[in-house]
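# Quick one, what's the 3D model for this:
(one chain, ligands or ions: 1)
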Amino acid sequence: MYRLFSWEHSYFSGKARAYLRYKQCRGGLGPGFEDVLATADLIQGLLIPRSGSNTVPQLETPDGHWVQDTCEIIDFVEAAHPDPAISPPAASAPRQRLAGYLIELLADEWMVVPAFWERWFFSEAGHDFNHRSFNEQQWGTVLAPGAPGAARRAAGAAFFEAAFGISDTRDHPRGVYAGLVQLGVTQLTEPAWQASQHRILQLLEAHFGVHDYVLGGRPSLADFALLGPLYAHLYRDAVAGFALRTYFPLVCEWVERTNAEGCLNARSYNQRLYTLGRDGELVGHPATSDGGEWLPDDAIPDTLLPLLGVFFDEMWPVLCSSLEVLRAFIASDSHELGAELPGKTFTATPGFEEHQSGEGALTHEFELGGVRARRMVMPYQVWMLQRVADELRACTASSKGRASIAALLAPLRNGASLLELDTLLVGCRVRKQGGRLFSEARGA
Ligand SMILES: N[C@@H](CCC(=O)N[C@@H](CS)C(=O)NCC(=O)O)C(=O)O
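Numbers count the residues shown, from 1 in each chain. Next up is the predicted model:
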């Protein structure tokens, strides 16, 4: 069996778990998978020694191979079990395929910021709506898994104080609160990040009113990636979850469908929809939209285009600037070619705090919603861009594919510059080994 080491309240665990459930349910996961709670003991004794990383989720394959990172988990399992595929082929559906990888990048590394903020802002003291106790309880289930309820909650509370200084987050931000500042969330930018999240949720609510999944009636890479922000932080967490259920019911329905839990009345692959035939027999129907398939002829749903617009409007300029900053850092005396680079998403990477905080060499100015502020540069995003570059090359390999992708990107502000991605990556390519990142040796 595969073993997924995960937490229920973890952003990236939600992405990998839903993906594995889908493959398993469709008979596409060979021996199947076991979902294992990644306790502190297992992280110290197994995950870190195997991958060099303490992050969850991580996957152990039936033959003992170890995979860290949701992108690599999906790539590995897709290569081993291609049916049913979660990305359409580059040759026949280049637009749909590329859209999936762009939305994955948006979901993993941009939507993470306001989702992370929601969890920790509403855990601070002094807010009328507050889910600190809920959050202590969910963390406590990892920290003290065998303990009774009150002790689990106390373990969560003690950890929040010891690791994040939760009673003094604004004057002395530590742990996740320092991470939020490093990601560019301050009192000044909070409204802009919230507005970005609302803009995306409104687009998704409109989209899921027409299509059950991102590309039509069947899940794809973008669905599992979007479940990262949408499941643990925006659907499960109490304050954000109340707002999501109240204002975005179609998004909630999609969360349940994509996560394959609590799905609403047959709009999933877990419950059947029948009508009665002429002789009283049961006649099965797909309840999902678009005949349960991706849209034909490589069509990008009209309601999805504005989401790609958000990627190019908001995230793409920050990514382009990150490439420049990383290139300069790699070439500087602060870095030796081939040496380690920071690899984390939520906070500065231990050992790199000086570079990734304040005015450090791995920080830059960014703009969101007309507000300018500073944030850290994350080489992991460059690794994800390399993944997009690989896909882009495959999707534009034929002249037909190139024309089709160019036509998709042309109307999107900043969209056409994606075609220059390989050039933009020169001098700042990174290499991922287990859970650690390194600059590429020259000429590689
Ligand atoms: N890019 C990684 C991100 C994994 C990640 O950051 N996981 C979080 C939980 S959702 C974590 O383990 N954070 C703890 C830490 O970074 O120390 C992936 O896709 O798997």
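# number of nearby residues for Y11?
Using other CB atoms under 10 Å, Y11 is surrounded by 27 other residues. C-beta coordinates here come from the backbone N, C-alpha and C atoms, glycine included.
# Start the count at 388 instead of 1 going forward.
Sure, I'll start numbering at 388, so the last one becomes Y398.
# Run through the stretch 388-537 of the chain and note the low-pLDDT ranges.
Across the stretch 388-537 of the chain, nothing is flagged by pLDDT under 70.
# quick one, strands of it?
Along the stretch 388-537 of the chain, counting by DSSP state E, counting those that start in this stretch, strands occupy 389-393, 420-424, 445-447, 453-455.
# And the stretch 688-831 of the chain, by the same measure?
Going by DSSP E, counting those that start in this stretch, the stretch 688-831 of the chain shows strands at 727-728, 750-755, 758-763, 817-820, 823-826.
# Same question for the third one: list its buried residues.
Same thing as strand 758-763. By neighbour count with 16 or more other CB atoms under 10 Å, strand 758-763 contains the buried residues V758, R761, R762, M763.
# follow-up on the earlier one: tell me which of the strands of the stretch 688-831 of the chain sits nearest to T573.
Each of the strands of the stretch 688-831 of the chain has some distance to T573 by CB to CB; the shortest is strand 758-763, at 6.2 Å.
# Does the closest one reach the ligand?
No. Strand 758-763 does not reach the ligand (CB under 6 Å from any ligand atom); its nearest approach is 13.5 Å.
# From G822, how far off is whatever residue of the stretch 488-637 of the chain ends up closest to the ligand?
In the stretch 488-637 of the chain, no residue comes nearer to the ligand than D495, which is 6.0 Å away by CB to the nearest ligand atom. Distance, D495 to G822, using CB to CB, to the nearest Å: 15 Å.
# And for C650?
The gap separating C650 from G822 is 33 Å, by CB to CB.
# returning to what we had before: touching, the residue of the stretch 488-637 of the chain closest to the ligand and L613? I think so.
No. In this structure, D495 is not within contact of L613 by CB atoms under 8 Å, at 9.6 Å.
# which one of these two has more residues nearby?
Neighbour comparison, D495 and L613: the larger count goes to L613, with 28 against 23 (by other CB under 10 Å).
# just checking, what packs against whichever helix or strand that one is part of?
Using DSSP states H and E, L613 falls within helix 608-615. The elements that helix 608-615 packs onto, with contact taken as 3 or more CB pairs under 8 Å, 6 or more residues apart in numbering; DSSP states H and E, are helix 398-412, helix 457-467, helix 481-496, helix 636-646.
# what about that helix and the ligand, touching?
No. Helix 608-615 lies apart from the ligand when judged by CB under 6 Å from any ligand atom; the minimum separation is 7.8 Å.
# List the buried residues in that helix.
Within helix 608-615, the residues scored as buried using 16+ other CB under 10 Å are L608, A609, D610, F611, A612, L613, L614, G615.
# Need phi/psi at the residue in the stretch 588-737 of the chain that the ligand sits nearest to.
Taking CB to the nearest ligand atom, the ligand has its nearest neighbour within the stretch 588-737 of the chain at T732, 4.4 Å off. For T732, the backbone dihedrals (degrees, to the nearest 10) come out as phi -100, psi -40.
# residues touching it, list them.
Neighbour list for T732: D495, E496, V499, M765, Y767 [criterion: CB atoms under 8 Å, 6 or more residues apart in numbering].
# As CSV, the buried residues of helix 608-615 with distance to F508 would be great.
Converted to CSV, the buried residues of helix 608-615 look like this (distance: CB to CB, whole Å):
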residue, distance to F508
L608, 29
A609, 27
D610, 27
F611, 26
A612, 23
L613, 21
L614, 21
G615, 19
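# Contact distance from the ligand - what residues of the stretch 688-831 of the chain qualify?
Near the ligand, the residues belonging to the stretch 688-831 of the chain are K731, T732, F733 when assessed by CB under 6 Å from any ligand atom.
# One more pass at 5 Å, please.
Neighbours of the ligand within the stretch 688-831 of the chain, by CB under 5 Å from any ligand atom: K731, T732.
# for the stretch 638-787 of the chain, what spans make up the helices?
692-697, 703-718, 740-743, 766-782, 786-796 (DSSP state H, counting those that start in this stretch).
# what angle do the last one and helix 481-496 make?
Orientation check (axes from the mean of the first three to the mean of the last three CA atoms, to 10 degrees): helix 786-796 against helix 481-496 gives 50 degrees.
# Which residues does helix 786-796 contact?
Residues from elsewhere that reach helix 786-796 (CB under 8 Å, 6+ apart): 477-478, 481-482, 485-486, 685, 687, 695, 779, 782-783, 802-803, 805-806.
# Keeping just the C-alphas, turn that helix into CSV.
What follows is helix 786-796, C-alpha atoms only, in CSV (Å, rounded to 0.1, in the frame of the first residue of the first chain):
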residue,chain,number,x,y,z
SER,A,786,2.8,25.0,-34.2
LYS,A,787,-0.9,24.3,-33.5
GLY,A,788,-0.3,24.1,-29.8
ARG,A,789,1.8,27.2,-29.8
ALA,A,790,-0.9,29.1,-31.6
SER,A,791,-3.5,27.9,-29.3
ILE,A,792,-1.6,28.8,-26.2
ALA,A,793,-0.7,32.2,-27.6
ALA,A,794,-4.3,32.9,-28.3
LEU,A,795,-5.3,31.9,-24.8
LEU,A,796,-2.7,34.2,-23.2
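# quick one: the closest residue in space to N646 that isn't next to it in sequence from the ligand, how far?
Spatial nearest neighbour of N646, chain neighbours left out: A405 (4.9 Å); criterion: CB to CB, 6 or more residues apart in numbering. Distance of A405 to the ligand, computed by CB to the nearest ligand atom, to the nearest Å: 13 Å.
# from what I can see A405 touches F611, true?
Yes. Counting by CB under 8 Å, F611 is a contact partner of A405 at 5.3 Å.
# shared neighbours of those two, which are they?
T645.
# on that earlier part again, what touches both of D495 and L613?
Among the neighbours of D495, none is also in contact with L613 (CB under 8 Å, 6+ apart).
# List the contacts of D422.
Per CB under 8 Å, 6+ apart, neighbours of D422: L391, S393, R404.
# in terms of contact, does F739 touch P729 like I think?
Yes. The pair F739 and P729 passes the contact test of CB under 8 Å, sitting 4.1 Å apart.
# Pull up the overlap in contacts between these two.
L749.
# Who has more neighbours out of the two?
Between F739 and P729, counted using other CB under 10 Å, the more crowded position is P729 (22 against 19).
# isn't the more buried one right next to H742, touching?
Yes. P729 sits in contact with H742 when judged by CB under 8 Å, with a separation of 7.5 Å.
# hmm, back to that, tell me the pLDDT at the residue of the stretch 588-737 of the chain closest to the ligand?
As predicted, T732 sits at a pLDDT of 96.
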